[in-house]
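# need coordinates for the below:
(one chain, ligands or ions: 1)
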Amino acid sequence: MKFLILNGPNLNLLGQREPGVYGDESYDTLCASLSDFAAAHASTADFFQSNHEGALIDRIHTAQGVYDAIVINPGAFTHYSYALLDALKAVSIPAIEVHISNVHRREEFRHKSVTAPACVGQICGLGLYGYRAAMSYFLETGK
Ligand code: DQA
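The predicted structure follows:
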């Protein structure tokens, strides 16, 4: 499978940013381990992180016809970006939304995802393992 792994604002600071919430692994380490995981399953993974909503939307548009599955952590855009919701709905690539932290144990505003309705499902609170769990779902179900 060809995976596109998307990360939204502030996720470039993984490892430095609130390590009590997001852990101490860096974004680069995460990408390397997901790349290895994909390769071990005869798959590939491309990565894109942006702090800009439009850049994420553009990347979703150009994914059409290229990738089999999207794994997306939209960061704070999760909670209010209808534009990202529409971008995910505009392409016919299945997506899973991942949150490193358990958003339901945190502030009220994090409990709502406006982007999840465009996704097959949502994984939260499993730390960085959530990205692999999402990839495993696609690998095992083939959809
Ligand atoms: C997050 C949760 C969001 O509420 C937050 O804005 C993030 C990260 C997570 O991975 O737990 O940036 O998506």
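
# and the lowest-mean-pLDDT helix or strand in the chain, what's buried?
Per-element confidence for the chain was summarised using mean pLDDT, DSSP states H and E. The lowest value among helices and strands belongs to helix 19-22, with a mean of 94. Applying a neighbour-count criterion of 16 or more other C-beta atoms under 10 Å, the buried positions in helix 19-22 are Tyr22. C-betas here are computed from N, CA, C, even on glycine.

# show me how far that helix is from its chain's centre.
Using C-alpha atoms, centre = their mean, to the nearest Å, the distance from the centre of helix 19-22 to the centre of the chain it belongs to is 17 Å.

# next: stretch 54-61.
Taking mean C-alpha positions (C-alpha atoms, centre = their mean), stretch 54-61 and its chain are 13 Å apart.

# how about stretch 49-67?
Taking the mean C-alpha point of stretch 49-67 and that of its whole chain, the gap between them comes to 12 Å (C-alpha atoms, centre = their mean).

# same check, this time on stretch 102-109
18 Å.
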